[in-house]
Every structure is written in C-alpha cells, then in structure tokens.
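K.L.:
Mind folding the following:
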Amino acid sequence: MAVALVLAPRVSDAAPSAVISVPRVDRSPTLEDFLAMKPSPAMEGKMAEVEGFIQNDPHDGAPASQRTVVYVGYDSKNLYVVFVAFDSQPDLIRGRLTRRDNTYDDDRVEIMLDSFHDRRRAYVFDCNPLGIQLDQLYTEGSGSDDSFDTLWDSKGKVTSQGYVVWIAIPFRSLRFPAGNQNWGLIFQRFVPRLNEVSTWPRVSSSVAGMLNQEGAMTAPERVSPGRNLQLTPYGVFRSFRSLDNRDPAHPVFESRDFQSRVGFEAKYVAKDRFVIDAALNPDFSQVESDQPQVTVNQRFAVFFPEKRQLFLENGSFFSTPINLLYTRNIADPFFVGRLTAKIGPYAVGALFADDRSPGEAVPVGDPLVGKRAYFTVIRLNRDVGKGSTVGVIYADRESQGAFNRVGGVDLNWKLGKNWDGNAQAITSSTQLLTDNGAGKPISYSYQAGPAYSAFVERAGRQLYFNVGFNDTSPGFVTNTGFFLRPDVRQYNTFIRYNFRPEGKHLISHGTGISHDAIWSHNGARLEEFLNANYHFQLERQTFVGVFFNLKRERLRPSDFSALTANQDYPINHRGVFFNTAFFKWLSANGETGWGTETNYVPATGPPVSVRANYFNGGVTLRPVNQLTIDNTYLLTRLRAARDSSGVFDNHIIRSRWNYQISRELSIRFITQYNTTLPNPARTSLLDGKQLNFDFLISYLLHPGTAFYIGYNSDIENINPSLQLDPLGNIQTTRGLATNDGRQFFVKLTYQFRF
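P.N.:
Numbering: from 1, shown residues only. Predicted coordinates for the structure are as follows:
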C-alpha cells in the first residue's frame, strides 16, 4: 500500500511544509474507479492519498468547509491526479459545458507543478466539475499566463455527494531536468458560491507569493519528456471585401472571391530545457475581436491586450517592469522565431520577427511599399537567493535605415514573507526616418535617453501598500514596447486596509487610497491624481463600493498648439461600483461616475472643461448549461459646463453568445455597435456609427488541431461613393449605409507530435 507522508501544514520560506511520495501504478486509473467517491477495489491503496485542505480565503488557516481528497500516481507516460471533491450542497455546484479556458466562474480543482523545484515557475492544470480544461504557466511575482496550452486529458462528473475530476498529464507535455525527480506541488480547490479557496499544503494569504509555500512530491523515477517536435501546418481559404484607405485622398474598395493562405508553426524541445518556436506566414483569422474600450477623447494610446496565441505563449520570459515588448506592434509578421530556455538558475528568451505592415499601410508608388520592419528582443534572467532575480534585456526595431534600440538591466527582489519589489534602468538610441515630401530625399534625425523605474510593495491579508517611481527622459523611445509619453517623472502610491469580520454575509470591508503625481524634467507639475474608495465584500462573489477621484492636469502649448500658455484643468469624479455572481446563472459588474472632464477635441480653440458622466458594465447570463451570453455596455457623455448642452455621447454595446455543443464543438456569435453622436458646435469629432457581426464555428479536438468556419461583417455610416469632405474625411451618412468590410473563411490546423 502506497502511503503519503503528510507533515503538519505551516507557513515558511524555507523547507516545504508537506511531502508526498508518488507511487507507480500497474494500470491507468479511470474516472469510473472513483465515482463512488472512493477508490474502486482495483485501485484501493495503489495511489498516494492526500487530504486536509486548509482555507486561503475567506478564513485563512481554517479547515476547508468542503472535504477534498486527491489521489496521485504515475506510469511510464503520464502523471495521474484524481480529485474527489465532496460537497454538502451538490445542487449548488457550478459546472458548465463551456469552451476551454473559460471556467473561472465555476467550481474548480487545480494542481500546480513546479517541475524544476525552483519556487519561481509552475505548470497549472485546472478543471471544472465536468472536466473542462484550463491550463496556465504561473510565474512568482508576475501571476498566471493563460496563453499556455498543451496536450493533456481530463474527465469530470457531478455525483450525489459532490464531483470527481480525473486528470492525466503526459510527461512529454512538461519540461523538467533529467535524473531523480523532486517537484514542488500545490493542490487547490475553488468554491465560488462560498468565496472559498482552499489548498494543500497551506498557502496563507497573509504571505506574499504561492510557490514559496509549496509542498513537494518525490516525483516519478526513470521518466523523461524526451525530445518533442510539434509541427502545426494550417490552410485558410477566404473571400472578402474591405476598404483600402492606404491613400487617404483616394479610398477604394478591394474585393476577392477567393484567396488562399498557408503556413505553419513548429515547436522543438531539446534536452528538456530549450524550446524553439517558429512560425512562417502565421494567420490570425480565428482570433476573437477585442473587448470594447473607449477610444474617443483620449490624449494617449489605448492599451489593447494581445490575443494571438503565437505571441502570448511564454510571454512572461520577456516581461520587465517597463514594457519593452508589446507584440501588437508586430501587426503582420511573415516569420517569427522564439527561443525560451530554463538552464539551472538562468531563464533565456529570444524573439525575432519581421513585420510586413509598414509596406502594407502606404499607397501604391510610395517608396516604402513592400518594405518590412525587423524586431529582435533578447532577455536573460538569473535567479538569485530566495525568490529574487536579476536580468538584462535588449530590444530592437529596424526599418529602412531607421532604428530604435533599447537595453538595460532590471532586478526583482523578495524581502521576507511580505515585501517584494522591482527596479529597472534602460536607455534607448533612436534614428528616425523623415519623409520630406514627394520627390524629395528622405532624411534622418537622432535622439537618445534613459528611463528608470522602481517599485516596492508590502502584501498582507489586511494591509497592502505599494510605492513606485518612474523617470522617462525627453529622448527615450521604445518602438517594440508600449509607450505613452517622454520627459516625465512619475510618483505613485497605494494603500489598502481590510477589516475582516468574516461573517456569513459580510466577509470584509475596507478602504483604499491612491495618489499619483507627474512632473516634467524642468520641475513643472503636469498631473496630480487622488483616488479614495470604500468597499464591501459580501457572500457569493459580491463586491460593492463607492469612490472619489480628484485630478488636476496641466496642458501646455507643446501639448495643444491652440494654447498660448500653460493652463490647469480639473478632472473630478465620484461614483459607485459593484461586482456579483450571486446566482450560478447570472453574474454582473458595473461602475458609474459623474463629475468634470476635459474635452480634448473642441470644435475650435484649446481644450475646455466640461461636465461628464459614464457607465461601464456587463452582464453574463447562463440560461442553460451549454450557453453563455456576455453583454457589455459602455457610455461616455460630455456636457458643456455652463448650459449643459451636449458635447458628444459615445455608446458601445457588445453581446457575445457561445453555445457549446460538445467539449470539442462550439458556435460563437459576437455583435458590437459603436456610435459617437457629436455636437458640431462643441467638438470636432465626426458622427460615427459602426455595426459589426462575427460568427464562428469551431471544432477544437485539442490545442493545435482544429477546424474553423467564420464570417465577419462591418457596416458603417460612410458614403458608399467614398466621397471626401473639405477636411479630407470620408463623408458620413445619417444611418448605417455601407458594408466596408466582410470576410468568409475556412481554416484547418493539424498538429503532428513526434
């Protein structure tokens, strides 16, 4: 009989608090072996048995309210983990038949495997009660990377006493060093209706970090992931119609009845440490549209998260305090190559890509037609001490003699069980290309400068505190990363304190206060911002609160040419916010605020202060187990300060329907309506209306092997003849008049593993 050695849970940064010995099984366990909520006679005593989960939240250190027993074993190919999750109210278990990686609102069980046992990174394998998968890569200090997808098996079933989840993880889907195995380990269970997270061993919420509190397992002997080669070719066939406005003075429609595109992605794992990824002519036609964000009346660029799997995977290898790799800058690559490796205390990442978009965004006859930009990012990180790292990074974008090169060093450190922080120092060297007009030579200009950042935080169960500082010189630029503004020094701090009565209805309540200030390098104050809020955490994932924002912004003639001198603008908001998943079939969130704002796009003259109100909210419905309906509504409304006459209204309405026919087959429909209703006497914004439809049928056998059929249509209020107004904009109509983009596509990908 295999026996697990379980030591008393305790919080420590030193040795693991619990150890299990994992036996080899003579046959593969099955889900049916455990549906009686205990092992079948054939599996009795054949696997290590673990129980005694401890709450992380809401009652840190208390025994879990629902009993969980985990059984672990292995054979020559797989690691097997079976969760037997008892529940005193099985009718309230939340478990939906949904698409992969979409189980956050469900009951879930999870295993975290630190296969290098360095307490810095871990694989995460997570399932809901029906066995729907969610996998991640977890990095201590950075959190979870949801983009990670690998091949593993899972099944789940709800019983009269709870539910059972069976997991089989192939060793070839993991990376670990050769020789005898000793892995870090954490089991977790999530019960959303109780706001409860419990773990084995104990992972206290009063300690910063998770892997520094992990247990350990004497892992499988005489196993290796071996060499692993994956080839994933694809073919996509489409017909489309789109608006070609590369030449703004002569926009035209482009149509194709048939167009084909082929390419492939490849992954090679060498010596259990090196992962080489390559993609040739990648296609992103099945990528879901971005979540709606307000983009009108914004001074600076709006950050849109990356959604392309090719760039998401292993993104944590390139993460630094100052964002130097924003992969959405690589719009249409022909080739992407990436190397990531974990070699003892060293983590290495290198990414190379060419981008065709510079040569695709210019009109025919422009000297840049067909030209490309080339990206290189190299990152080296070394583990130091207990949870700290030191690293260097180099990022480069080159195109037609112009370049942007950034390099520097960074440090992440951990001080005891509650304090950690990071710092970075970088410098850039940039040669800019300037087009002096048709027929005239292209010239170059040069600029350079450093940037610095520092951040310290104290994390605890009741008290959280952080303070940060950023300094960006006038000459600093990053064309590979996400960058807002040069020539600023910024200070920010945030403090939160929670009272935790941990009652049946009121779990916690508390206040948070943040303060930000920005100066230019000549000492002029540009912005100052203060936020205060009070919030209440209630049962069933319900969170409500009130807030107040006070901001003062100084605009200069260098920011807006219509200004003749520096001018201060007040920006004040007050409002309420909430989030709830009280019912298993309904979740909702919202925030509304009102106060004063700045109109950066007046009809004439400099920016002006106006009255404002906004609402951002969403409702998710699950009327049946297989259907999820996500609805979002964003409203921004500006009114003149004196007479309350309208400046503009911006409405964004989005509805996303996903029907899961089976674990592999799903139907997705998205519709989004975006309208801007301006008052021409108050703003230079144009009247805009846009209606988009996105339909997709997906058959996902497993990550890398899938079949897609999709259709997208975009309708706007632009003149079908594409006539221009005196300012050079396409004339608009009162209603939706023109389909300026539609596409029908069929895509097939198939993954070969050798």
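K.L.:
Tell me who's in contact with residue 66.
P.N.:
Contacts for residue 66 (C-beta atoms under 8 Å, 6 or more residues apart in numbering) come out as 85, 86, 87, 88, 162, 189, 191, 194, 196, 198. Any C-beta I mention is one placed from the backbone N, CA and C, and that applies to glycine too.
K.L.:
again, only this time at 10 Å
P.N.:
53, 85-89, 93, 107, 162, 189, 191, 194, 196, 198 (C-beta atoms under 10 Å, 6 or more residues apart in numbering).
K.L.:
Scan these and report the most crowded one.
P.N.:
Tallying neighbours with other C-beta atoms under 10 Å puts residue 107 at the head of these, with 29 neighbours.
K.L.:
Report pLDDT for it.
P.N.:
Predicted confidence (pLDDT) at residue 107: the value is 96.
K.L.:
State the phi and psi torsions of it.
P.N.:
When quoted as degrees, to the nearest 10, the phi and psi of residue 107 stand at phi -60, psi 140.
K.L.:
That one is in contact with residue 197, isn't it?
P.N.:
No: judged on C-beta atoms under 10 Å, residue 107 makes no contact with residue 197 at a distance of 11.4 Å.
K.L.:
Can you pull the residues that touch both of those two?
P.N.:
Counting by C-beta under 10 Å, 6+ apart, the residues touching both residue 107 and residue 197 are 189, 190, 191.
K.L.:
Is residue 21 in contact with residue 74, as I believe?
P.N.:
No: if you go by C-beta under 10 Å, residue 21 and residue 74 don't touch, sitting 11.4 Å apart.
K.L.:
So for those two, which residue has more residues nearby?
P.N.:
Legend: neighbour count by other C-beta under 10 Å for residue 21 and residue 74, higher for residue 74 (23 against 13).
K.L.:
Ranking helices and strands of this structure by mean pLDDT, which lands last?
P.N.:
helix 309-312 (a mean of 73; mean pLDDT, DSSP states H and E).
K.L.:
Just the CA trace of that one, in CSV.
P.N.:
What follows is helix 309-312, C-alpha atoms only, in CSV (Å, rounded to 0.1, in the frame of the first residue of the first chain):
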residue,chain,number,x,y,z
GLN,A,309,-1.7,32.6,-29.3
LEU,A,310,1.6,32.8,-31.2
PHE,A,311,2.8,35.8,-29.2
LEU,A,312,1.1,35.0,-25.9
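K.L.:
Please, where are all the strands along the stretch 501-650 of the chain?
P.N.:
With strands called from DSSP state E, counting those that start in this stretch, the stretch 501-650 of the chain shows them at 506-519, 525-538, 542-555, 567-583, 586-599, 608-621, 627-640, 646-660.
K.L.:
got CSV for those, with mean neighbour count too?
P.N.:
Shown next, in CSV, are those (neighbours: other C-beta atoms under 10 Å):
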stretch, mean neighbour count
strand 506-519, 17
strand 525-538, 17
strand 542-555, 17
strand 567-583, 16
strand 586-599, 18
strand 608-621, 18
strand 627-640, 18
strand 646-660, 19
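K.L.:
Would you tell me which of those strands gets closest to residue 238?
P.N.:
Residue 238 lies closest, by C-beta to C-beta, to one member of these: strand 646-660, at 22.2 Å.
K.L.:
What strands flank the closest one, and is each parallel or antiparallel?
P.N.:
Using DSSP bridges, strand 646-660 pairs in its sheet with strand 627-640 (antiparallel), strand 665-678 (antiparallel).
K.L.:
Please tabulate the ones you listed in CSV and include distance to residue 475 and mean pLDDT as additional columns.
P.N.:
Converted to CSV, these look like this (distance: least, C-beta to C-beta, whole Å; pLDDT from 0 to 100):
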stretch, distance to residue 475, mean pLDDT
strand 627-640, 35, 96
strand 665-678, 36, 95
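K.L.:
of those strands, which approaches residue 45 most closely?
P.N.:
Proximity to residue 45 (C-beta to C-beta) singles out strand 665-678 among the strands paired with strand 646-660, at 39.6 Å.
K.L.:
Next, the buried residues of the least confident helix or strand of the chain.
P.N.:
Along helix 309-312, these residues count as buried under the neighbour rule (16 or more other C-beta atoms under 10 Å): 309, 310, 311, 312.
K.L.:
which other helices and strands contact the next helix or strand after it?
P.N.:
Sequence order places strand 333-343 as the next helix or strand after helix 309-312, per DSSP states H and E. Strand 333-343 sits against strand 252-270, strand 274-280, helix 309-312, strand 346-355, strand 373-384, with contacts defined as 3 or more C-beta pairs under 10 Å, 6 or more residues apart in numbering; DSSP states H and E.
K.L.:
I'd like to know how many residues surround the closest residue to residue 582 other than its chain neighbours.
P.N.:
Once flanking residues are discounted, residue 582 sits nearest to residue 540: 4.3 Å by C-beta to C-beta, 6 or more residues apart in numbering. For residue 540, the number of neighbouring residues by other C-beta under 10 Å comes to 16.
K.L.:
ok, now how distant is residue 540 from residue 54?
P.N.:
According to C-beta to C-beta, to the nearest Å, residue 540 and residue 54 sit 22 Å apart.
K.L.:
Look at residue 549 and report its pLDDT.
P.N.:
Taking residue 549 on its own, its pLDDT is 95.
K.L.:
what's across from the nearest residue to it once chain neighbours are set aside in the sheet?
P.N.:
Among residues not flanking residue 549 along the chain, residue 573 sits closest, at 4.1 Å (C-beta to C-beta, 6+ apart). Beta-bridge pairing for residue 573 (DSSP bridges): residue 549, residue 595.
K.L.:
on that earlier part again, take the buried residues of helix 309-312 and write them to JSON lines, including distance to residue 528.
P.N.:
Below are those laid out as JSON lines (distance: C-beta to C-beta, whole Å):
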{"residue": "309", "distance to residue 528": "41"}
{"residue": "310", "distance to residue 528": "41"}
{"residue": "311", "distance to residue 528": "36"}
{"residue": "312", "distance to residue 528": "36"}
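K.L.:
Between those residues, which sits nearest residue 604?
P.N.:
Distances from residue 604 to the buried residues of helix 309-312, taken by C-beta to C-beta, are shortest for residue 311, at 42.3 Å.
K.L.:
Can you give me every residue that contacts the residue nearest to that closest one when sequence neighbours are not counted?
P.N.:
Leaving out its chain neighbours, the residue that sits closest to residue 311 by C-beta to C-beta, 6+ apart is residue 327, at 3.8 Å. Going by C-beta under 10 Å, 6+ apart, residue 327 touches 306, 308, 310-312, 315, 318, 333, 336, 351, 353, 375, 377, 480-482.
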